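**Q** Please work out how this folds:
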Amino acid sequence: MSLSTENEYLKQQLRQAQVERDKYKTLFDTSADTMFILDLQQAKFVDCNQAAVDMHCVDEFLQLAPIDISPSHQPCATPSERLSKEYIHKAIS
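**A** Sure thing, here's the model as predicted:
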């Protein structure tokens, strides 16, 4: 494969990736369901849609961690902080 052919192929792949990214970003942004992206290492929100902000009535949603919007204990009487760490650990394992 020549360098110019490979270059054109890579440009086409990049355009396709951008189209896919834009499609999913639109779905994320316009969904009526609460959606967020969580940094699992730091347990912090890194992105969210407007539904998340509206549901939690917090304009600074991205400055929060899941524990900030959780009750101190879950219905099973387990502290939310401990349970959230367990679930995050399971998610990345």
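
**Q** contacts and neighbour counts: CA atoms only from here.
**A** OK.

**Q** Can you name the next helix or strand after the top helix by length along the chain?
**A** Identified as the longest helix of the chain according to DSSP state H is helix 3-30. For helix 3-30, the succeeding helix or strand toward the C-terminus, using DSSP states H and E, is strand 36-39.

**Q** What is the burial count for the residue lying closest to D47 once chain neighbours are set aside?
**A** In this structure, D47 finds its nearest non-sequential neighbour in I37, 5.1 Å apart by C-alpha to C-alpha, 6 or more residues apart in numbering. By other C-alpha atoms under 10 Å, the residues close to I37 number 12.

**Q** switch to numbering from 29
**A** That works, and once the first residue is 29, the last one we named lands at I65.

**Q** you'd agree I65 is up against V74?
**A** Yes: with contacts counted by C-alpha atoms under 8 Å, I65 reaches V74, the gap being 5.6 Å.

**Q** follow-up on the earlier one: tell me the buried residues in the longest helix of the chain?
**A** Residues 56-57 are the ones in helix 31-58 that count as buried (16 or more other C-alpha atoms under 10 Å).

**Q** just stretch 107-121 next, same as before
**A** Neighbour counts over stretch 107-121 (16+ other C-alpha under 10 Å) mark 108-109, 112 as buried.

**Q** Tell me which of these has the lowest pLDDT.
**A** By predicted confidence (pLDDT), the lowest-ranked of the buried residues of stretch 107-121 is S112, with 85.

**Q** Touching, that residue and A93? I think so.
**A** No: applying C-alpha under 8 Å, one finds S112 not in contact with A93, separated by 10.4 Å.

**Q** Closest one to P99 out of the buried residues of stretch 107-121, please.
**A** S108 (6.6 Å; C-alpha to C-alpha).

**Q** Which residues outside the worst-scoring helix or strand of the chain on mean pLDDT are in contact with it?
**A** When the helices and strands of the chain are compared on mean pLDDT, DSSP states H and E, helix 108-120 comes out lowest with a mean of 86. Helix 108-120 is touched from outside by 68, 71, 94-95, 98-102, with contacts defined as C-alpha atoms under 8 Å, 6 or more residues apart in numbering.

**Q** List only buried entries from those.
**A** Judged by neighbour count, with 16+ other C-alpha under 10 Å as the criterion, the buried members of the contacts of helix 108-120 are I95.
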